[in-house]
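J.: only geometry, no sequence info:
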């Protein structure tokens, strides 16, 4: 296996390891998100086990652009 194949394998693993869930209310401390312009999602591990903060993504309602709007929590 070469590095490119290993990278593909790692990406496939991550697709089965993480999930993205809709978030109706932004947590305190999250900046750069506008509920009028964006949909908000949180990134979670599918097995439910993780330490540290939760990462949030915003998706523009107008363009569909996805951006990381921060990590909140521990």
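T.: Yes, it's here. Everything numeric in this text was worked out from a predicted model, so none of it was measured.
J.: spatially central residue in this structure, please.
T.: Nearest to the geometric centre of the chain sits residue 43, at 3.6 Å (CA atoms, centre = their mean).
J.: touching, that one and residue 57? I think so.
T.: Yes. Counting by CB atoms under 8 Å, residue 43 does reach residue 57; the two are 6.5 Å apart. In short, each C-beta sits where N, CA and C put it, glycine included.
J.: touching both of these two, which residues are there?
T.: residue 20 (CB atoms under 8 Å, 6 or more residues apart in numbering).
J.: so what touches the helix or strand where residue 69 lies?
T.: Applying DSSP states H and E as the criterion places residue 69 in strand 66-72. Residues external to strand 66-72 that are found in contact with it (CB under 8 Å, 6+ apart): 27-33, 38, 40, 52-60.
J.: quick one: residue 14 is in a strand?
T.: No. According to DSSP: H, G, I helix; E, B strand; the rest coil, residue 14 belongs to no strand; its state is helix.
J.: buried residues, stretch 61-74. List them.
T.: By 16 or more other CB atoms under 10 Å, the buried positions in stretch 61-74 come out as 69, 70, 72.
J.: now do the same end-to-end measure for that stretch.
T.: Terminal residues of stretch 61-74 are spaced 29 Å apart (CA to CA, to the nearest Å).
J.: chain center to it: distance?
T.: Averaging C-alpha positions (CA atoms, centre = their mean, to the nearest Å) puts stretch 61-74 7 Å from its chain's average.
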